[in-house]
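**Student:** Requesting a structural model of the entry that follows:
(2 chains)
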Amino acid sequence: MTLLLLLGTSAIAAIVLAFVGDRKYAHEINIAGSAATFVASVFLAVEVYWNGPMLAVEDFFFVDAFNVYLAVLTAFVSTTTAIFSRRYMKYERSHGRVGHKSMRFYHAMFQLFIFAMLLALLTNNVGVLWISMELATLSTVLLVSLYRTPSAIEAAWKYFILCGVGIALALFGTVLLYFASEKVFGEGSQGLLWTNLSASAGQLEPTVLSLAFIFLMVGYGTKVGLVPLHNWLPDAHSEGPTPISAVLSGLLLNVALYALVRCKVIVDGATHSNKSGYIMMAFGLLSIIVAAVSMLRQKDIKRMFAYSSIEHMGIATFAFGLGGPVATFGALLHMLVHSITKSAIFFAAGTASQMNSTQDMSGIRGLVKGNPLVGWGLMLGTVAIAGVPPFGVFTSEFLILTAAMKDAPYLAPIFLLGLAIAFAALFKRVMPMVFGEPAPYQVSIKASNVPVIAHLVIMLVLGLYMPVFLNDWFHKAVELLR
Amino acid sequence: MDVNFAAQINGILAALILLTSFGLLVQKRVYGLLHIFAWQGLFLSISTAVVGYSTGLHHLYISALLTLALKVFALPYILYVLIHKLHIHKEVEDMVNVPTTMLIGIALVIFSYDLMSPVRELSSLVTRSTLAVALSTVMLGLLMMITRKKAITQIVGFLSLENGLFFAATSATYGMPLVVELGVALDILIAAFIFGIFFFQIRTTFDSLDLKEMEKLKEEE
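**Tutor:** Model (predicted):
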């Protein structure tokens, strides 16, 4: 029941917002819709926490510790993004960057996007998982091109085509998965249910599943933004409106990685080896190094942080590939902390580019003097994402590094090198933007600071102290992913 | 219908689908592309119906009808209207290296057969031999999207790739469960509307549907 409420809220909000359009209170409805979704997700999480994993609606939905925490995270970040988006989009609207029609579209698609991600997380059917991943892509394509500038349209087209192709390959992988499971479960939806597949993975044909994993890896890997399939990501994340960059980086990448990990569990069960893990480790490490080096050469602020997202997704993918309780725990925590920190950074970066009317980093100066909250928000966010203690990213990266030292000691130095390059790149770029004298053209604007502060406080808390329920969740999820 | 006979008909249809894929790869005229694409959809639909008839699985009729409605009528019609409105029906795309493209295409087909051989041996379905053709169609669709530089040809390549996926689903497993097939069809339909909007956006911003104009977003050296 809570589950249907959770999914229904965002779907209804999308429809309502499509009718409300560009009216004054559209922003408030957007916030209310997201907040209601968040409340429902918390109730669902409490239910799952006390009663354990549950199946609902003829096994169509499956909720366990792994996906419920991501659902709460999705609902939470979408709420803070909606709050941030109110002032941000009002500013963009009053400065003529978006039109009357676009605002209707923006709000409806934002909620539809949340709905698609929640459906992807909560469904038990691997086929429906694919469908909702595609829906999440389609609902954001036109949001990336919202500003209608040549580069925004180019970015959206790239996003549409590359992710379309990638996800098509994932469908081929899903077909192969069904081919193998049909022999065990017979015709019908039973053969696509994740609970069935993982329970009797041992009976599935290993050769077919290894082949299926290649397609799933390339397919969902494109959406995770793993190198060398990452070309669309920096463009899409830098050209769209900032709230969309925040949810794309903070949430969609997580959901895609979730899909990949769910598939990996089935494949590992069938092949009785960690072959798929090695593939993920290779993709992960390559992403860390390439993204870190690319960050050094960036000029656009959102583009640099988009590359940082690739790097962090690489870290999580590497950790899931590594396997074992410590690394998996680290990966789960990393997905959480990255998503919270990165969305906070995008909020601050978005406001900073509005203040200086440019996304070019050389044009942004003296943020702390111009607006201390934005300046320090960006600075602390960067400190947090670079993995400096006492923030949460340090904890997760430390866990992953410990596991890497133990299980794959020859890979740990490469991992560390990537982190070091990214660290250098971030500080080299962010310091001049934050400190120094403000540029003469810098204007002060009314921005929403609550989301940034809330996210940073959560990050700090997670770095110092891990709440008991979170710890329990992660341990349960680690058990599931063994 | 005799199972062997059905398998033979299906083999012929698979060959025709592969042929249309190669046709799409080198067709220069916009309308020509649409016609070939519609034919491919028709062959796909007949093949699905034949498999449904010979195996007695009636849900395949639904997916055959879905393919017929979507791939033979709806999508070509939408594209036709778009081409008409954007006045690009006379455009001819100049292509270089047609022979090389064809050779790469042939190599991809051989690669697909090689990749699918373990799966074929495990399968006992009448359609098993067509799985490699399905993968070839996917690969050729990909190749088309890489080699062609116009928005509309990339979309046709994408849709032909999707045809390959549908074909894979029927030939590997006698079709996915209905809920999945319907969902996929819905996604394709939404995608069709999105690229429709896109064509206009690209047209008004760049004055042409040529993707050569869209090469601004690159890493600076």
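**Student:** biggest helix in the chain, by residue count?
**Tutor:** Just going to use chain A. Ranked by residue count, the top helix of chain A under DSSP state H comes out as helix A:150-185.
**Student:** that answer is for a different chain, and I need it for chain B
**Tutor:** Max-length helix for chain B by DSSP H is helix B:178-206.
**Student:** So that helix, near chain A or not?
**Tutor:** Yes: on the criterion Cβ under 8 Å from any Cβ of the partner chain, helix B:178-206 is in touch with chain A at B:179-180, B:183-184, B:186-187, B:190-191, B:194-195, B:197-198, B:201-202, B:205-206. (C-beta placed from N, C-alpha, C; glycine too.)
**Student:** Filter those residues down to the buried ones.
**Tutor:** Listed as buried from those are B:179-180, B:183-184, B:187, B:191, B:194-195, B:198, B:201-202, B:205-206; burial here means 16 or more other Cβ atoms under 10 Å in any protein chain shown.
**Student:** circling back: chain center to the longest helix of chain A, what's the gap?
**Tutor:** Shown here is helix A:150-185, whose average C-alpha point lies 18 Å from the average C-alpha point of the whole chain (Cα atoms, centre = their mean, to the nearest Å).
**Student:** related to what we said a few turns ago, quick one, which of the residues of helix B:178-206 next to chain A has the minimum pLDDT?
**Tutor:** Within those, the minimum per-residue pLDDT falls on residue B:206 (80).
**Student:** Just the pLDDT at the residue nearest to it when sequence neighbours are not counted, thanks.
**Tutor:** Spatial nearest neighbour of residue B:206, chain neighbours left out: residue B:213 (4.5 Å); criterion: Cβ to Cβ, 6 or more residues apart in numbering or on different chains. In this model, residue B:213 is scored at 71, pLDDT.
**Student:** Residue A:108 too?
**Tutor:** pLDDT, residue A:108: 93.
**Student:** my guess is it meets residue A:18, correct?
**Tutor:** Yes: the pair residue A:108 and residue A:18 qualifies as a contact (Cβ atoms under 8 Å) at a distance of 4.0 Å.
**Student:** So for these two, which sits in the more crowded spot?
**Tutor:** residue A:108 (22 against 15; other Cβ atoms under 10 Å in any protein chain shown).
**Student:** mind listing the helices for the stretch 151-300 of chain A?
**Tutor:** Using DSSP state H, counting those that start in this stretch, the helices of the stretch 151-300 of chain A run over residues A:194-199, A:206-224, A:232-239, A:242-247, A:253-271, A:275-296.
**Student:** What of chain B?
**Tutor:** With DSSP H as the criterion, chain B has helices spanning B:3-26, B:30-55, B:59-67, B:75-86, B:98-122, B:131-147, B:151-173, B:178-206.
**Student:** What helices and strands are in contact with the second one?
**Tutor:** Here helix B:30-55 is seen to pack against helix B:3-26, helix B:59-67, helix B:75-86, helix B:151-173 when contacts are counted using 3 or more Cβ pairs under 8 Å, 6 or more residues apart in numbering or on different chains; DSSP states H and E.
**Student:** deepest of the ones you listed, which one?
**Tutor:** For the helices and strands packed on helix B:30-55, the stretch with the most neighbours on average is helix B:151-173, a mean of 26; neighbours defined as mean count of other Cβ atoms under 10 Å in any protein chain shown.
**Student:** The residue most central in space within chain B and residue B:99, how far apart?
**Tutor:** Nearest to the mean C-alpha position of chain B, counting by Cα atoms, centre = their mean, stands residue B:160 at 1.3 Å. Noted for residue B:160: a distance of 21 Å to residue B:99, by Cβ to Cβ, to the nearest Å.
**Student:** Can you list the low-confidence ranges for chain B?
**Tutor:** B:1, B:216-221 (pLDDT under 70).
**Student:** can we see that at 80?
**Tutor:** Along chain B, the parts satisfying pLDDT under 80 run over B:1-3, B:89-96, B:123-129, B:174-175, B:207-221.
**Student:** Hey, what's the angle from the helix or strand in which residue A:83 is found to helix A:253-271? Just curious.
**Tutor:** Under DSSP states H and E, the secondary-structure element containing residue A:83 is helix A:65-94. Between the axis of helix A:65-94 and that of helix A:253-271 there is an angle of 150 degrees, by axes from the mean of the first three to the mean of the last three Cα atoms, to 10 degrees.
**Student:** sorry, back to before: now the helices of the stretch 151-300 of chain A in CSV, with distance to chain B and mean pLDDT?
**Tutor:** Putting these into CSV (distance: least, Cβ to the nearest Cβ, whole Å; pLDDT from 0 to 100) gives the following:
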stretch, distance to chain B, mean pLDDT
helix A:194-199, 13, 90
helix A:206-224, 5, 93
helix A:232-239, 5, 92
helix A:242-247, 15, 95
helix A:253-271, 13, 93
helix A:275-296, 7, 94
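**Student:** my read: residue A:472 touches residue A:50, true?
**Tutor:** No: in terms of Cβ under 8 Å, residue A:472 does not count as a neighbour of residue A:50; the distance is 10.9 Å.
**Student:** Could you give me the buried positions within the helix holding residue A:83?
**Tutor:** Residues of helix A:65-94 classed as buried by neighbour count (16+ other Cβ under 10 Å): A:65-89, A:91-93.
**Student:** Give me the mean pLDDT for that helix.
**Tutor:** Taken as a whole, helix A:65-94 carries a mean pLDDT of 93.
**Student:** What is the helix or strand hosting residue A:137 packed up against?
**Tutor:** Mapping residue A:137 onto the secondary structure by DSSP H and E places it in helix A:126-144. Applying 3+ Cβ pairs under 8 Å, 6+ apart, we find helix A:126-144 packed against helix A:100-122, helix A:150-185, helix A:194-199, helix A:206-224, helix A:232-239, helix A:242-247, helix A:253-271, helix B:178-206.
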